[in-house]
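Novice: show me how the following folds:
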Amino acid sequence: MEVDSIIKLLIVTSVVVIPMLGITARFALKPIVDAIVRLREGGMLPGDTAQALGGEVRQVRADLHQLHDEMAQMRQEMGRLREVESFHMALRDAAPQAAALPAPAE
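Specialist: Numbering: from 1, shown residues only. Here you go, the predicted model:
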């Protein structure tokens, strides 16, 4: 082969074949790249995990603190309900004793 033939072959290859391979590779790789990006955004692949985990830890701490406060309120309300119930029991037990007393003299 002569040098002119090799140069013509290289020019045809660089003008026609290489762009065709690039377009084919783009269409073949685009769905794969999109899937990887979606997985990274969904948290399935490691990306900025330190920031994501920090935010999740703060959210869990806030939720735990809120649950702790709710439990404290529930315990206070249960204590109040016990006091009210014992007061009502005392009133109910005291009612028959009042009926057993003689009528006051006039």
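
Novice: quick one: the helices in this structure, in order.
Specialist: In the chain, helices defined by DSSP state H lie at 3-12, 18-42, 49-100, listed in chain order.

Novice: show me how far the last one is from its chain's centre.
Specialist: The offset between the C-alpha centroid of helix 49-100 and the centroid of the whole chain comes to 27 Å, using C-alpha atoms, centre = their mean, to the nearest Å.

Novice: for residue 24, grab the count of nearby residues.
Specialist: 10 (other C-beta atoms under 10 Å). Where you see a C-beta, it was placed from the backbone N, CA and C, and this is true even at glycine.

Novice: for it, give its distance to residue 90.
Specialist: According to C-beta to C-beta, to the nearest Å, residue 24 stands 89 Å off from residue 90.

Novice: quick check: which ranges of the chain have low pLDDT?
Specialist: 43-52, 95-104, 106 (pLDDT under 70).

Novice: centre-most residue in it?
Specialist: Nearest residue to the geometric centre of the chain (C-alpha atoms, centre = their mean): residue 56, 7.2 Å.

Novice: OK, contacts around it?
Specialist: With contact set as C-beta atoms under 8 Å, 6 or more residues apart in numbering, residue 56 has no partners.

Novice: ok, now how distant is it from residue 65?
Specialist: Residue 56 is 15 Å from residue 65, by C-beta to C-beta.

Novice: ditto for residue 3
Specialist: 79 Å.
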